[in-house]
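>>> Fold the stuff below for me.
(one chain, ligands or ions: 1)
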Amino acid sequence: METLKNQISIIGLGPMGIKIAQLYLQKGFQVNVFNRTAAKADQLVREGARLAKNISEAIEASPVSIVIVHNYAVANDLFSSIETGNALADKLIVQLTTGTSQEARLSETWFNSKTAGYLDGAIQVAPEQMAQPDTTILFSGNSGKYLEIEDTLKILGGNLKYLGENIGAAAAMDTATLSYIYGAAAGFLHGALIAESENFDVREYGNIIAEIAPGMGEFLKHEGAVISSGDFKLSQSPLAISVEATERILATAKLSGINSEFPQFAANWLKRAKDAGYEQEEFAAVIKTLRTPR
Ligand SMILES: NC(=O)c1ccc[n+]([C@@H]2O[C@H](COP(=O)([O-])OP(=O)(O)OC[C@H]3O[C@@H](n4cnc5c(N)ncnc54)[C@H](OP(=O)(O)O)[C@@H]3O)[C@@H](O)[C@H]2O)c1
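I've put the predicted structure just below:
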């Protein structure tokens, strides 16, 4: 359908919304934008975008609207302000605003009740990393709707991951990848304390981390497969090695007199798995002691 390919509306002009609008303008789309603060559209209008005076006008202007505002509360407020009969009828809404699985489910129900299609997505990069071959964006929701606009969405990034019809999947996976990122970042900060305590250049430490990160990614990919299979017999790295490593990091922190919260936390987790008798199993066996909430 020609119009689907060439018209798009962008609701929300923070740094990410502006970037998305620019990417579609560069591809020759007719881009309609709406933002609470209209002045943020000035540059885009100079580049060819059309500024809608309210959200209804923006939605009516295109078959597909991308919503990219601060959070779901903001998105919900904006959409509940629509007064006209049903500006949403037969439109497709792509929600790229960050949120939880629960918020995605509630949104899907609400938009479907207005006979609008709904897809949920989660962008995994910053604005300047958009539209690269490896730019990852997660999507979930109705597969037919996704396939209808996949080519249009590919303008935003070369590594789109469609996670299935469960509308909450993209938000859930986004929360999971963020969990990984902040866990790794906590370890990174503790490593920076170690580097500082030994007068080692933290910039060089950062360089080394970047070099070992792909290998760590491969290791975690393997641990994910182990957890998924439920078979924890030793395949790459015994838990015992990591128990010793976290004890050593903790002991080093105490000897150096630096903050020891992170190694204490990591050592506690791994000791619990050791005490449960998993020392000679694969590292990922730790998860068996974490499944019961404390
Ligand atoms: N930037 C990133 O690196 C990045 C990466 C991945 C995902 N995301 C996600 O993308 C979404 C947008 O992020 P962003 O970085 O572009 O900017 P943002 O600061 O998170 O959101 C800015 C947008 O939200 C609107 N907004 C905020 N409060 C509002 C309110 N009370 N009523 C109406 N509109 C309101 C702003 O309108 P005004 O201009 O009028 O204030 C603007 O359109 C977020 O959910 C974010 O988590 C961002």
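>>> quick one: residue 81 and residue 74 touch, right?
No - with contact defined as C-beta atoms under 8 Å, residue 81 does not count as touching residue 74 (11.1 Å). All C-beta spots, glycine's among them, are computed from the backbone N, C-alpha and C.
>>> who's more crowded, those two?
When neighbours are counted by other C-beta atoms under 10 Å, residue 81 and residue 74 differ, and residue 74 comes out ahead with 15 against 10.
>>> Need the phi and psi values for that one.
phi -60, psi -50 (degrees, to the nearest 10).
>>> Quick check: closest non-adjacent residue to it.
What sits nearest to residue 74 in space, not counting adjacent residues and going by C-beta to C-beta, 6 or more residues apart in numbering, is residue 97, at 7.5 Å.
>>> Please tell me how far that neighbour sits from residue 53.
Using C-beta to C-beta, to the nearest Å, one gets 22 Å for the distance from residue 97 to residue 53.
>>> Also residue 8?
For residue 8, the distance to residue 53 - C-beta to C-beta - is 18 Å.
>>> ok and the residue in the stretch 151-294 of the chain nearest the ligand?
Closest residue of the stretch 151-294 of the chain to the ligand, C-beta to the nearest ligand atom: residue 174 (8.4 Å).
>>> Over to the chain?
For the chain, C-beta to the nearest ligand atom, closest residue to the ligand: residue 14, 2.4 Å.
>>> give me every residue that touches that residue.
68-70 (C-beta atoms under 8 Å, 6 or more residues apart in numbering).
>>> confidence score at the residue nearest to residue 74?
We note a pLDDT of 98 for residue 97 in this prediction.
>>> in a helix, that's where it is, yeah?
No - assessed with DSSP: H, G, I helix; E, B strand; the rest coil, residue 97 is coil; it does not lie in a helix.
>>> I'd like to know how many residues surround it.
By other C-beta under 10 Å, neighbour count at residue 97 equals 28.
>>> Look up phi and psi at it.
Residue torsions, per degrees, to the nearest 10, at residue 97 are phi -60, psi 140.
>>> Wait, it touches residue 68, no?
Yes - the criterion here is C-beta under 8 Å, and residue 97 meets it with residue 68 at 5.9 Å.
>>> Domains in this structure, by residue range?
2-164, 201-289 (automatic domain parsing).
>>> Of the ones you listed, flag the one that's most buried.
domain 2-164 (a mean of 18; mean count of other C-beta atoms under 10 Å).
>>> Distance from that domain to the middle of the chain?
16 Å (C-alpha atoms, centre = their mean, to the nearest Å).
>>> repeat for stretch 153-166
Taking mean C-alpha positions (C-alpha atoms, centre = their mean), stretch 153-166 and its chain are 12 Å apart.
>>> Just the CA atoms from it would do, formatted as PDB, please.
Output of stretch 153-166 as PDB, limited to C-alpha atoms (Å, rounded to 0.1, in the frame of the first residue of the first chain):
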ATOM      1  CA  LEU A 153      10.500   0.300  10.600                       C
ATOM      2  CA  LYS A 154      13.800  -0.900   9.000                       C
ATOM      3  CA  ILE A 155      14.600   2.800   8.300                       C
ATOM      4  CA  LEU A 156      15.200   3.100  12.000                       C
ATOM      5  CA  GLY A 157      17.600   0.300  12.400                       C
ATOM      6  CA  GLY A 158      19.100  -2.800  10.700                       C
ATOM      7  CA  ASN A 159      18.600  -5.200  13.500                       C
ATOM      8  CA  LEU A 160      14.900  -5.300  14.200                       C
ATOM      9  CA  LYS A 161      13.800  -8.200  16.600                       C
ATOM     10  CA  TYR A 162      10.200  -9.200  16.400                       C
ATOM     11  CA  LEU A 163       9.500 -11.100  19.600                       C
ATOM     12  CA  GLY A 164       6.000 -12.400  18.900                       C
ATOM     13  CA  GLU A 165       2.400 -11.600  19.500                       C
ATOM     14  CA  ASN A 166       2.700 -11.200  23.200                       C
END
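>>> Having no further points to raise, I will conclude here.
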